[in-house]
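In: make a model of this:
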Amino acid sequence: MACRISELVLDCRDPQRLAEFWCEVLGFVVLGTEDDGSIEIGPPEGAGGLQPTLVLSPTADPKAGKLPLHIDVNATDRDQEAELRRLLALGARPADVGQTGEESWHCLADPEGNEFCLLRTRLD
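Out: Got it, this is the predicted structure:
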């Protein structure tokens, strides 16, 4: 028997703001909140499925450099350029992590500067 990823935890200064951003990006909903201010978001059908949830955990520690792990996303109902425009309108911004400009993906940052990539392939 193998393991699977059930949750991704992201430390952040403003869990509410990032929950709103990532819910819009991923089509997620808030699944719960904890006394420490953490907010768990996930697919509307809830936790436990094949798609991991995202736990936004409050911290006062500043982000130090490029994240060692980042999220990749794919559009599901539009092409990459239309999805890029949507993500930028939601508050994402271009991020430079040393790419050459020849990549097939766009490197972006969420409102707190956490890098993520918008890949070219559209997923159904």
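In: residues in contact with residue 8?
Out: Counting by C-beta atoms under 8 Å, 6 or more residues apart in numbering, residue 8 makes contact with 52-55, 71. For the C-beta atoms, the positions are set from N, CA and C on the backbone; glycine is no exception.
In: mind checking which of those residues are buried?
Out: Those of these that meet the buried threshold are 53-55, 71, by 16 or more other C-beta atoms under 10 Å.
In: closest to residue 22 out of those?
Out: residue 54 (5.8 Å; C-beta to C-beta).
In: checking the closest one next. Helix, strand or coil?
Out: strand (DSSP: H, G, I helix; E, B strand; the rest coil).
In: what residues are up against it?
Out: Residue 54 touches 7-10, 22, 26, 28, 40-42, counting by C-beta under 8 Å, 6+ apart.
In: which of these fall within strands?
Out: Counting by DSSP state E, the part of those found in strands is 7-10, 40-42.
In: give me the buried entries from the residues you listed.
Out: 10, 40-42.
In: which one of those residues is nearest to residue 64?
Out: residue 10 (14.3 Å).
In: give the bridge partners for that closest one, please.
Out: residue 56 (DSSP bridges).
In: how near is it to residue 18?
Out: Residue 10 is 7 Å from residue 18, where distance means C-beta to C-beta, to the nearest Å.
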